[in-house]
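> Need a 3D model of the following:
(2 chains)
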2 protein chains.
Amino acid sequence: MRLATFSNETPDGELVVVSRDAQRCLPAGGTLQQAIESWSMTEPDLRALAARLEQGEGEPLDHGRLLAPLPRAWQWLDGSAFPQHGELMQKAFDLPPIETDRPLMYQGLSDRFLSGTQDVPLPSEADGIDFEGEFGIVTGAVPMGTAADAARPHVRLVLLINDWSLRAIAPVEMKTGFGWVQAKPACAVAPFAVTPDELGEAWQDGRVHLPLEVQVNGQWFGHPHGREMQFGFHDLIAHAARTRDLVAGTIIGSGTVSNADYDEVGSSCLSERRAIEMIAAGKPETPFLRFGDRVRMEALGGPFGIIDQQVVQA
Amino acid sequence: MRLATFSNETPDGELVVVSRDAQRCLPAGGTLQQAIESWSMTEPDLRALAARLEQGEGEPLDHGRLLAPLPRAWQWLDGSAFPQHGELMQKAFDLPPIETDRPLMYQGLSDRFLSGTQDVPLPSEADGIDFEGEFGIVTGAVPMGTAADAARPHVRLVLLINDWSLRAIAPVEMKTGFGWVQAKPACAVAPFAVTPDELGEAWQDGRVHLPLEVQVNGQWFGHPHGREMQFGFHDLIAHAARTRDLVAGTIIGSGTVSNADYDEVGSSCLSERRAIEMIAAGKPETPFLRFGDRVRMEALGGPFGIIDQQVVQA
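Got it, this is the predicted structure:
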């Protein structure tokens, strides 16, 4: 099942169910946040709408009205679960290895998620404007102390996310140990939030088994695969819920998708490609983004739809 | 003006204006979040209710119905603006000094703030259960790039906060550079959110000039003063808004209140007292909290009301 949110006069928009071919939709009533909060009651109704869509019902999908599936959320916890990304960054910048066997995670801005097509307003090119292709999930309400295996059924929806990042600020904030505030402006989310079953064979062990293709200004940049997560999303849920209840509608991110064969599949952020260049040639070649640059992301063969945005001066 | 939130059947409760003697209140209609979102329209009405209260109107204040002023918020950004606290922690734990001339800040759990009297459910005494006495503010909508001086009028309300902390986890997470997730469960907030003018002379240069008295199980623990913030709250707003718009209702915290004459005034968290003990005697004497322990906080002579909570097993 694919869900999306149409813009209206409210901050949370209105929920629609979308056909598998992304051509038609039916209004579901209410918002996605409301649906997630009462999932056991709403899911059967939503699936009934999805079945009607597959029988040809529905109105044409107005792509211009699509917001992020959750235009705002109570909580956004972003992981860094692809070990290749961390290894490259440490090697390039001669950083000490991060001493932990636990998932890496920080809490980020969740009061606004950009749609897949909204402009990305940022204050300065000097901040090192970068993207990060990620997969993410939306959870139901998860009680404190839920273990990883018990967390599996709490994955309600799967997302494709561009975690916009500012690389001139990131290491400064990271050195404080406090995590990132200025280095992490609002993320963008592809239009369709999908139930795990919609992914079929591409949902395995709490991971999205699809390549995430990134293009910058129309040029291929990379297509690393989601299967190389060191921890599955159920592990990330358990980590997050260790000392807190997770509110329904919590969004958890995988961190930058990154693969061991990066020389073949490329990267999903500029910073990693620059790290690879530094390791190979002593200095980075690829510049950060300028105002006017476009970034496009798509999970190839996946149901999330497309992120295609332009960076603009705030 | 003092504002508070009564429990009802909704997650955000209902807004009331409270008399200066905290004995009576008048319903304001709607929620505090709604009032903050439309402050220029709602403030005159709220002040009119406050004036009626000072003329003797109102119903008796039912303290048992008081929630946190914002029982949930879209964003909680906690600073660490008292330099004495950082210096003691670095010295005790032989940490390298944090290399930054900017405010320290992380984003924390904001989907739930405990009331001043709710039990604090935590999973394990082995996590090093601690409190942190802080002052905080609630902002209006702040545009990206707002400078510190221009940020001053965006301080809508001032708060007293207990930032519950888990010290066995904090250094592990801090070493990753990602900030804290597990080490920072839900905070508690004293019942009355007050406009800066309500503080009179105690609101100076974006700082709360009041001692924050902490008691543990009925015993004095400390009463450090709010004036020693290295950065005022307007500076913290500007820092937070460098690369993001701040949503109306953003809560920003001062970090642990801590003073240079800590040997006289004590501390506002166990971890700092333990650091002082380690520096003086080579090892900490004061234990972390056990289930059943109570922590009470009050800004002496201030209008925030009291936090008095018990730690319980989740």
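> quick one: is stretch A:242-257 near chain B?
Yes: residues of stretch A:242-257 contacting chain B under C-beta under 8 Å from any C-beta of the partner chain: A:Arg242, A:Thr243, A:Arg244, A:Asp245, A:Val247, A:Thr250. The C-beta positions use only the backbone N, C-alpha and C, and glycine is treated the same way.
> Just the endpoints, please. Distance across that stretch?
25 Å (C-alpha to C-alpha, to the nearest Å).
> so how far is it from its chain's centroid?
11 Å (C-alpha atoms, centre = their mean, to the nearest Å).
> picking up where we left off before, just send the residues of stretch A:242-257 next to chain B back as CSV, with neighbour count too.
CSV is the format used below for the residues of stretch A:242-257 next to chain B (neighbours: other C-beta atoms under 10 Å in any protein chain shown):
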residue, neighbour count
A:Arg242, 20
A:Thr243, 24
A:Arg244, 27
A:Asp245, 20
A:Val247, 22
A:Thr250, 28
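> quick one, domains of chain A?
A:1-67, A:71-313 (automatic domain parsing).
> tell me the most buried of the ones you listed?
domain A:71-313 (a mean of 20; mean count of other C-beta atoms under 10 Å in any protein chain shown).
> Quick check: end-to-end length of that domain?
One end of domain A:71-313 sits 22 Å from the other (C-alpha to C-alpha).
> Start and end of stretch A:235-247, how far apart?
OK, stretch A:235-247 end separation, C-alpha to C-alpha: 17 Å.
> returning to what we had before: which two among the residues of stretch A:242-257 next to chain B are spaced furthest apart?
A:Arg242 and A:Val247 (15.2 Å; C-beta to C-beta).
> Next up, the contacts around whichever residue of the stretch 51-200 of chain A sits closest to chain B.
Of all residues in the stretch 51-200 of chain A, A:Gly179 sits closest to chain B, at 2.3 Å by C-beta to the nearest C-beta. Contact analysis of A:Gly179 by C-beta atoms under 8 Å, 6 or more residues apart in numbering or on different chains lists A:Tyr106, A:Gln107, A:Glu173, B:Tyr106, B:Gln107, B:Gly177, B:Phe178, B:Gly179, B:Trp180.
> In a markdown table, list those residues along with secondary structure.
Shown next, in a markdown table, are the contacts of A:Gly179 (DSSP: H, G, I helix; E, B strand; the rest coil):
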| residue | secondary structure |
| --- | --- |
| A:Tyr106 | strand |
| A:Gln107 | strand |
| A:Glu173 | helix |
| B:Tyr106 | strand |
| B:Gln107 | strand |
| B:Gly177 | coil |
| B:Phe178 | strand |
| B:Gly179 | coil |
| B:Trp180 | coil |
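> Between these, which sits nearest B:Ala280?
Among the contacts of A:Gly179, and counting by C-beta to C-beta, the member closest to B:Ala280 is B:Trp180, at 27.3 Å.
> Close to chain B: what parts of the stretch 101-250 of chain A are there?
Checking the stretch 101-250 of chain A against chain B by C-beta under 8 Å from any C-beta, the hits are A:102, A:104-112, A:121-123, A:127, A:144-145, A:166, A:169, A:172, A:174-183, A:185-186, A:239-240, A:242-245, A:247, A:250.
> dump the residue contacts of A:Met144.
A:Ala241, A:Arg242, A:Thr243, A:Arg244, A:Asp245, B:Pro121, B:Pro123, B:Ala314.
> just checking, A:Asp62 touches A:Ala4?
No: using C-beta atoms under 8 Å, A:Asp62 makes no contact with A:Ala4, being 10.3 Å away.
> Next, see if stretch A:79-94 gets close to chain B.
Yes: using C-beta under 8 Å from any C-beta, stretch A:79-94 reaches chain B at A:Ser80.
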